[in-house]
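1. how would this look folded up:
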Amino acid sequence: MKKVLLIFLGLLVLLIVFSLFFALFQKKIPFGESKQVALIRIEGMILDSQDTVAELKKYARDPYIKAIVLRIDSPGGAVVPAQEIYREIRKAAQKKNVIVSMGSVAASGGYYIASPATKIIANPGTLTGSIGVIMEVPNFGGLMDKLGIKTEVVKSGRHKDMSSVFRGIGKEERVILQEVLDNVHEQFIKAVAEGRTMLYDDVKKIADGRVFTGEQALTVGLIDELGSLEDAVHSAAQLSGIEGEPVIVSKKERFSFLNFLKGPKELIENLPSVRIKYVFVP
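-> I've put the predicted structure just below:
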């Protein structure tokens with residue numbers, strides 16, 4: 001009986017030890033000192049937030065990741081995806097250092113998502129800022145008249161078709177749309193002021209859509225330092241107490257035949273349509 005009990009206890013101890021090792025390697029319980037810095041790339045038009053938000057959440061809760069570097073090379077994009085990424089960056093920055101490295105362009109929505117980071121580093125020639133909102137409504141009315149094509153509209157409210165691409169925008173409709181854009185612009189200014197810990201009025205003075213170089217942005221307080229991606233990585237490591245050369249961790253892009261068949265998002269999203277955008281238009 002004693003032998004059976006000893007065997008049972010031995011197996012129980014082995015099970016506990018195995019469970020601890022499994023947790024250590026599979027669930028990433030910290031063991032020793034980590035030098036890992038996560039690198040997330042946000043490039044091109046910001047049309048969807050899902051992948052970026054998922055990466056931010058993953059690295060923010062990973063105890064092996066000591067800091068996050070965001071490489072932003074984007075002229076902006078749709079309002080809601082930018083707002084969702086902004087909120088996730090702000091959450092991540094409360095847990096660990098989030099450093100932004102700006103590439104050629106980090107303007108409008110590209111700057112919006114950068115603003116809540118722990119530190120923003122841009123190259124001297126980076127184009128950034130462009131704190132503004134734009135709505136583009138294509139007007140095919142003249143073409144329709146030439147082709148002799150007319151549209152029949154049945155609606156439940158007189159402003160239901162105010163963004164129709166088959167006619168121009170009336171005076172009353174323009175006032176309504178301008179109020180919408182002014183409200184979204186106000187949200188942009190508040191987000192930058194909160195993210196950068198700046199006074200609202202100071203942000204508003206430069207929030208007329210103008211673009212800045214990296215050097216100019218440093219002067220007005222939109223960024224913290226001038227430097228490259230490598231500088232941003234080393235800054236993240238230093239702020240996080242990493243000694244020596246940091247280990248860069250980044251997501252590996254997988255080829256998807258389905259995404260290939262869908263075609264580039266930029267091409268699809270820029271087909272004539274109506275949307276409010278945080279975007280820098282050169």
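2. list the buried ones in the helix or strand in which Val249 is found?
-> Counting by DSSP states H and E, the element that carries Val249 is strand 247-250. Neighbour counts over strand 247-250 (16 or more other Cβ atoms under 10 Å) mark Val249 as buried. Quick note: C-beta positions are derived from backbone N, CA and C, even for glycine.
3. how distant is it from the center of its chain?
-> 19 Å (Cα atoms, centre = their mean, to the nearest Å).
4. With stretch 106-119 instead?
-> 8 Å.
5. and Glu172, how many neighbours?
-> 11 (other Cβ atoms under 10 Å).
6. same for the helix or strand containing it, what does it pack against?
-> Assigned by DSSP H and E, Glu172 belongs to helix 171-196. Contact partners of helix 171-196 among helices and strands, from 3 or more Cβ pairs under 8 Å, 6 or more residues apart in numbering; DSSP states H and E: helix 79-93, helix 109-114, strand 134-136, helix 200-205, strand 275-279.
7. can you state the direction angle for it and helix 79-93?
-> 10 degrees (axes from the mean of the first three to the mean of the last three Cα atoms, to 10 degrees).
8. May I see the buried residues of helix 171-196?
-> Neighbour-count burial for helix 171-196 [16+ other Cβ under 10 Å]: 173, 177, 184-185, 188-189, 191-193, 195-196.
9. and those residues, which two are the farthest apart?
-> Glu173 and Arg196 (34.8 Å; Cβ to Cβ).
10. where does the stretch 151-282 of the chain dip in pLDDT?
-> For the stretch 151-282 of the chain, the stretches flagged by pLDDT under 70 are 166, 253-282.
11. What pairs with the strand holding Val249, parallel or antiparallel?
-> strand 36-43 (parallel) (DSSP bridges).
12. Need the CA coordinates for the partner strand. CSV is fine.
-> Output in CSV follows, covering the C-alpha atoms of strand 36-43 (Å, rounded to 0.1, in the frame of the first residue of the first chain):
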residue,chain,number,x,y,z
GLN,A,36,12.7,41.8,-26.6
VAL,A,37,11.2,44.9,-28.3
ALA,A,38,8.2,44.4,-30.5
LEU,A,39,8.1,46.2,-33.9
ILE,A,40,4.7,46.9,-35.4
ARG,A,41,4.6,48.4,-38.9
ILE,A,42,1.6,50.6,-40.0
GLU,A,43,2.1,51.4,-43.6
